[in-house]
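> got a structure for you, letters missing:
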């Protein structure tokens, strides 16, 4: 819903981040929705999406006559399935397709309007591009994924920094930055100050899947300790990413672990975000199994030839 509202303002050449005038009328909820029996809250202006990638996609879809932005997410699911079908074979292909298309956070979330299929499809596309040697395409897709959801910034380094060669790695990182700016910059220039303010605004602890959700059960999500942890979460995640970059594990596995860490430490996050680490870790398991089977088959064939010669 928020992406569609932001898209309407973008099509009118207005920044979705520009706050309403102070003279705008204010209202309160007719009935309190708080389970703590708080009084009806004031209706505050909605928070535009950051980054604006989903809003841009919704605006482009509306411009070509597609009124429901969920169709773009459904198309992304189709692209995700096509990439997995091309990157894996046999039983592992079927398992990957079942994982991507039947996973509840993706299937149900997409129907409910969740945009996480968009960045996830871009990430998996970057993974496949790296496998076939198209590093520049991988950089562009990784940058597009971050422009669609900043949470993907925890995964992108593992797909970009594994490129061999300093010059090649620099080109891939620059391609990712260019793709990100291509999506974000046209929206940011409509009101740079408002965009910067929204980008720097802290996320208040709320509904999620991680540690802050446990604090909410105790009514402690707004305590000084919880707010301090929320402020330190980016630093803790940066340390986690640096540590994972030194591990010899598959890139998508490390990206999945980093994404899961982001969910655990996020002050507030959609439940559909759990689809990202599930899919990435599933791909890592299937990819590793494929490589193991290939080595086993090669060793078996070599043993057969050796036996035949003897």
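Done, it's in. All values reported here derive from a predicted model rather than from experimental measurement.

> Just list the residues touching residue 216, thanks.
205, 206, 207 (C-beta atoms under 8 Å, 6 or more residues apart in numbering). C-beta here means a position set from N, CA and C on the backbone, and glycine is covered the same way.

> again, only using 10 Å
205, 206, 207, 208, 222, 226, 268 (C-beta atoms under 10 Å, 6 or more residues apart in numbering).

> quick one: pLDDT of it?
pLDDT, residue 216: 79.

> Repeat that for the one 10 residues further on.
Here, the pLDDT recorded for residue 226 equals 82.

> residues touching it, list them.
205, 211, 212, 215, 216, 218, 220, 267.

> which stretches of this structure form strands?
In the chain, the strands defined using DSSP state E lie at 27-28, 42-43.

> which outside residues touch stretch 165-181?
51, 53, 122, 126, 129-130, 135-148, 150, 153, 156-157, 159-163, 185, 188.

> So, low pLDDT: which residues of this protein?
For the chain, the stretches flagged by pLDDT under 70 are 1, 23-27, 29, 33-36, 42-46, 289-310.

> Run through the helices of it in chain order.
Using DSSP state H, the helices of the chain run over 2-11, 53-63, 70-87, 90-102, 104-111, 117-131, 135-148, 156-160, 166-188, 192-200, 211-217, 224-245, 251-265, 275-309.

> what about residue 288, neighbour count?
14 (other C-beta atoms under 10 Å).

> any idea how far the closest residue to it other than its chain neighbours lies from residue 53?
Leaving aside its chain neighbours, residue 288 sits nearest to residue 250 (6.2 Å; criterion: C-beta to C-beta, 6 or more residues apart in numbering). Here residue 250 is placed at a distance of 26 Å from residue 53 (C-beta to C-beta, to the nearest Å).

> quick one, which of those two is more surrounded?
Of the pair residue 250 and residue 53, residue 53 is the one with more neighbours under other C-beta under 10 Å, namely 26 against 20.

> From residue 152, how far off is that one?
The gap separating residue 53 from residue 152 is 10 Å, by C-beta to C-beta.

> thinking again about what came up before, which one (most neighbours) among the contacts of residue 226?
Per-residue neighbour counts (other C-beta under 10 Å) across these peak at residue 212, which has 26 neighbours.
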